[in-house]
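> Sequence and predicted structure below; questions after.
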Amino acid sequence: MKNINKLILLVVVLLLSCKTSQNSSGKSLESSTIEKWIIANKQVPCSEGSERLCYSIKKGSNGDYEIFEGVIEGFSYEPGYKYQLEIQSITTKKEGTKIILVKELFKLPMD
């Protein structure tokens, strides 16, 4: 009888633990993707007439740069260098989307 109770308890715990995906901090995830981004050697105004600067990025093999207004956690930008980064995009219900540096693939000085 004790073994059956233990087995039932184990099954319930396993089922509950599989209910949601979680990252290392225990927050439930909606989605998580890994991408490669190119970061241009100069930051650009976030919008026309804005003094705030944003990253100019290329995602994957897309040929066009786009403006990225967010923060890349763990990334230290240095003007004059072009970067290729591997980033993780994590979307949670509570916090929205976070961009986290996984790995700096290259950092090239640009003239």
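Sure, I can see it. What you are looking at is a predicted structure, and each value in this text was computed from that prediction instead of being measured.
> CA only for contacts and neighbour counts going forward, please
OK.
> wouldn't Gly74 be in contact with Leu101 here?
Yes - taking contacts as Cα atoms under 8 Å, Gly74 lies within contact range of Leu101: 5.5 Å.
> okay, the two: which has more neighbours?
Leu101 (17 against 12; other Cα atoms under 10 Å).
> tell me which residues form a beta bridge with that one?
With DSSP bridges as the criterion, Leu101 is bridged to Ile87.
> what's the pLDDT at it?
pLDDT recorded at Leu101 is 98.
> The chain should start at 25 in everything you say after this.
From this message on, residue numbering opens at 25, which makes the last subject Leu125.
> check contacts around it.
Counting by Cα atoms under 8 Å, 6 or more residues apart in numbering, Leu125 makes contact with 96-99, 109-112.
> Helices of the protein, residue ranges please.
For the chain, the helices defined by DSSP state H cover 26-41.
> looking at it, which helix or strand does the model trust least?
Using mean pLDDT, DSSP states H and E, helix 26-41 stands out as the lowest-scoring helix or strand of the chain, at a mean of 50.
> Now do the strands in the chain.
Here the chain has its strands, by DSSP state E, at 53-63, 68-69, 77-83, 90-92, 96-97, 105-116, 120-133.
> Which positions within the longest one qualify as buried?
If I follow you right, that is strand 120-133. 122-126, 131 (16 or more other Cα atoms under 10 Å).
> Name the nearest of the residues you listed relative to Pro103.
Distance to Pro103 across those (Cα to Cα) is lowest for Lys131, with 11.0 Å.
> So that closest one versus Tyr107, what's the distance?
5 Å (Cα to Cα, to the nearest Å).
> cool, and Thr115?
24 Å.
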